[in-house]
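Colleague: take a look and give me a structure for this.
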Amino acid sequence: MNILILGGKRFLGIALVDAILQAGHTPTLFNRGLTKPDLFPMIENLVGDRNGDLRALRGKEWDAVIDTSGYIPRIVKQTAEFLSDKCEIYTFISTISVYSDYNSPDITESYPLAQLEDPSNEDYSGDAHGPLKALCEYEIQQAFDGKVFVVRPGLIVGPNDPTDRFTYWPWRVSLGGKVLAPTPPSSNLQFIDVRDLAEFIVMMIENKSEGVYNLTGPRKPATFGSLLVSCREVSLSNASFVWVDEYFLLNEGVVPFTDLPLWVPTSDPALTGLYNINITKAIKAGLTFRPLSKTVADTLTWLKTQPERKKMKVGMDIARETELLLKYQKQKEK
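Modeller: Next comes the predicted model:
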């Protein structure tokens with residue numbers, strides 16, 4: 001199969017190229033040529049801008065397109081219309097952020113979607129990200145004359161992750177010592193290895209599948225405790241975990257998901273469903289998961305190839321962590 005990727009030089013795009021090649025298919029990339037221009041010299045790279053310059057796509061056809069870079073409905077609609085007679089399947093990478101809220105557990109693909117309050121808002125970096133993605137899904141369904149396959153991933157993790165949201169924990173645990181962790185260790189976590197996601201997408205394209213699928217994992221939610229133990233075992237560190245009460249953390253101004261990546265306070269009922277997304281449909285369709293230890297190990301291996309750093313893009317620095325641990329210990333001793 002000939003598969004066009006809109007984007008392709010970042011995180012998921014890299015995994016998709018690898019999965020497509022491994023499956024024996026032919027990928028083509030279309031992007032502005034600004035990100036990692038020397039990456040994948042062995043495959044066809046088409047340079048253009050989906051916001052007004054699609055000339056490089058003229059006169060060509062593919063079996064499928066994978067849209068990894070669609071954020072603004074107006075632009076996504078233009079692309080879907082342009083490609084409508086050039087391929088059979090349009091795969092759109094959406095997000096679980098399209099849902100209106102996370103008040104309920106076991107959120108399925110039919111759960112209500114978020115609405116954009118300001119129709120003119122195209123700032124996808126903030127709160128409008130989810131509603132804009134929901135509108136992108138709608139525009140593709142209307143504009144593309146063929147099969148539409150919509151992927152709604154949860155947190156994507158693994159090698160090449162530019163966010164450090166997952167990477168912080170393997171990195172921090174590998175340093176050893178006392179590691180501040182938010183209670184309870186039994187709290188759910190959901191995420192999906194980028195390679196599992198990419199392989200599922202390629203398999204579904206091969207099967208000419210369509211529809212909407214939640215994609216996160218593992219099959220049963222992991223826990224914060226199991227993640228940290230896996231990080232310690234893989235890195236062979238001497239880390240010990242200090243499970244700190246979430247009310248203490250909140251009172252100290254620790255920001256969930258930023259100062260402590262992946263942490264969602266159990267006391268917030270509005271986030272009950274965030275790590276309780278229903279993935280039954282995808283599992284029945286063939287979604288599989290590599291072991292958590294493999295994801296952790298490969299993330300650490302990739303991290304060692306990157307420039308050494310003293311701090312991740314998210315997460316607290318060691319000095320702040322030490323300060324909080326000392327304060328928490330004194331509070332417990334009173």
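Colleague: low-confidence ranges in the chain?
Modeller: 334 (pLDDT under 70).
Colleague: where along it do the helices fall?
Modeller: 11-22, 73-83, 129-143, 168-174, 194-206, 224-235, 246-251, 280-285, 292-303, 318-333 (DSSP state H).
Colleague: looking at the ones you listed, which is nearest to residue 46?
Modeller: Of all the helices of the chain, helix 73-83 sits nearest to residue 46, with 12.5 Å by CB to CB. Glycine gets a C-beta too; all of them are placed from N, C-alpha and C.
Colleague: can you count the residues close to residue 116?
Modeller: 16 (other CB atoms under 10 Å).
Colleague: now it: closest residue in space, sequence neighbours ignored.
Modeller: If the residues on either side of it in the chain are set aside, residue 116 comes closest to residue 131, at 3.9 Å by CB to CB, 6 or more residues apart in numbering.
Colleague: what's the local residue count around that neighbour?
Modeller: Neighbourhood size, residue 131 [other CB under 10 Å]: 22.
Colleague: how much space between it and residue 41?
Modeller: Distance of residue 131 to residue 41, computed by CB to CB, to the nearest Å: 38 Å.
Colleague: just residue 5 next, same as before
Modeller: According to CB to CB, residue 5 and residue 41 sit 15 Å apart.
Colleague: residue 114 now?
Modeller: Counting by CB to CB, the gap between residue 114 and residue 41 amounts to 40 Å.
Colleague: equivalent analysis for residue 267, please.
Modeller: Residue 267 sits 51 Å away from residue 41, going by CB to CB.
Colleague: likewise for residue 276?
Modeller: Look at residue 276 and residue 41: by CB to CB, they are 43 Å apart.
Colleague: my guess is residue 70 meets residue 136, correct?
Modeller: Yes. With contacts counted by CB atoms under 8 Å, residue 70 reaches residue 136, the gap being 5.1 Å.
Colleague: more neighbours, those two?
Modeller: A direct count of neighbours by other CB under 10 Å for residue 70 and residue 136 places residue 136 higher, at 28 against 25.
Colleague: so what's the residue count around the closest residue to the more buried one other than its chain neighbours?
Modeller: Using CB to CB, 6+ apart and skipping the chain neighbours, the partner closest in space to residue 136 is residue 76 (4.3 Å). For residue 76, the neighbour count with other CB under 10 Å is 27.
Colleague: unless I'm mixing things up, residue 76 is touching residue 138, no?
Modeller: No. The criterion here is CB under 8 Å, and residue 76 misses it with residue 138 at 9.5 Å.
Colleague: okay, now residue 124: neighbour count?
Modeller: By other CB under 10 Å, neighbour count at residue 124 equals 17.
Colleague: what of residue 115?
Modeller: 10.
Colleague: report the separation between residue 246 and residue 302.
Modeller: Using CB to CB, residue 246 is found at 31 Å from residue 302.
Colleague: which of the two has more neighbours?
Modeller: More crowded of residue 246 and residue 302, by other CB under 10 Å: residue 246, with 21 against 14.
Colleague: gap between the closest residue to the more buried one other than its chain neighbours and residue 221?
Modeller: Leaving aside its sequence neighbours, residue 246 sits nearest to residue 265 (CB to CB, 6+ apart; 5.0 Å). Remark: distance between residue 265 and residue 221 (CB to CB) = 16 Å.
Colleague: excluding sequence neighbours, find me the nearest residue to residue 175.
Modeller: Using CB to CB, 6+ apart, the nearest residue to residue 175 is residue 237, at 7.0 Å.
Colleague: that neighbour contacts residue 176, doesn't it?
Modeller: Yes. Residue 237 is in contact with residue 176 according to CB under 8 Å; the separation is 4.2 Å.
Colleague: okay, these two: which has more neighbours?
Modeller: Comparing residue 237 with residue 176 by other CB under 10 Å, the one with more neighbours is residue 237, at 17 against 14.
Colleague: list the contacts for that one?
Modeller: By CB atoms under 8 Å, 6 or more residues apart in numbering, the contact list for residue 237 reads 173-176, 231.
Colleague: buried ones among those?
Modeller: Neighbour-count burial (16 or more other CB atoms under 10 Å) applied to the contacts of residue 237 gives 173-174, 231.
Colleague: looking at those residues, spot the one nearest residue 251.
Modeller: Once CB to CB is applied, the member of these that ends up nearest residue 251 is residue 173, at 25.2 Å.
Colleague: ok, back up a step: wait, the residue nearest to residue 246 sits on residue 251?
Modeller: No. Judged on CB under 8 Å, residue 265 makes no contact with residue 251 at a distance of 11.7 Å.
Colleague: of these two, which one has the most company?
Modeller: Of the pair residue 265 and residue 251, residue 265 is the one with more neighbours under other CB under 10 Å, namely 17 against 9.
Colleague: right, I'll call it a day here.
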